[in-house]
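Undergrad: What shape does this take:
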Amino acid sequence: MKPNIIPRFAAGAAILAVGLFKGCGLAAQPAASQSTPAPTSAAAPAAAMGTAPPPGPALDLITAHCAACHETSIVFGQRKSADDWASTVQLMVDRGAELKPEEADTVVDYLTRNFPAAPH
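TA: Numbers count the residues shown, from 1 in each chain. Below you'll find the model as predicted:
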């Protein structure tokens with residue numbers, strides 16, 4: 001009698017998916033290993049200045065929580081409106097980014113100020 005491998009495959013795939021999702025934080029690099037960003041004027045978006053993102057609590061949050069699953073260049077390479085940044089950050093929280101609501105607000109404000117949507 002041939003064993004039914006579909007339930008075993010499904011169970012194995014589910015365990016793998018949960019392990020990858022939960023283990024995402026294991027890939028995070030400590031903030032100390034990141035290069036120190038060059039300071040920029042608060043009045044000018046970092047994107048327009050062509051420099052590294054400005055330092056601060058929001059950058060620390062992005063480095064600690066977003067970089068757990070993907071490169072920060074993915075974040076800093078985008079330009080979005082405040083509403084779009086809020087939607088993106090909420091989507092990442094829904095997918096497992098461990099940000100408290102006030103931390104998410106800090107990140108959204110930072111991204112909106114430093115990586116705004118291009119003017120039309």
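
Undergrad: State the helix or strand in which Q78 lies.
TA: Assigned by DSSP states H and E, Q78 belongs to no helix or strand.

Undergrad: how about it, what does it touch?
TA: 88, 115 (Cβ atoms under 8 Å, 6 or more residues apart in numbering). To be clear about C-beta, it is placed using only N, CA and C from the backbone, and glycine gets the same treatment.

Undergrad: next one: V108
TA: For V108, the contacting residues are 82, 85-86, 89, by Cβ under 8 Å, 6+ apart.

Undergrad: Of those, keep whichever come out buried.
TA: Neighbour counting over the contacts of V108 (16 or more other Cβ atoms under 10 Å) leaves 85-86, 89 as the buried ones.

Undergrad: quick one: which of the residues you listed is nearest E98?
TA: V89 (12.4 Å; Cβ to Cβ).

Undergrad: So for stretch 97-104, mean pLDDT?
TA: Stretch 97-104 shows a mean pLDDT of 96.

Undergrad: circling back: now, which of the buried ones among the contacts of V108 sits nearest D60?
TA: Lowest distance from D60 to the buried ones among the contacts of V108 (Cβ to Cβ) belongs to V89, with 15.1 Å.

Undergrad: Please name the residues that touch the closest one.
TA: 97, 99, 104, 107-108, 111.

Undergrad: make it 7 Å
TA: V89 is in contact with 104, 107-108, counting by Cβ atoms under 7 Å, 6 or more residues apart in numbering.
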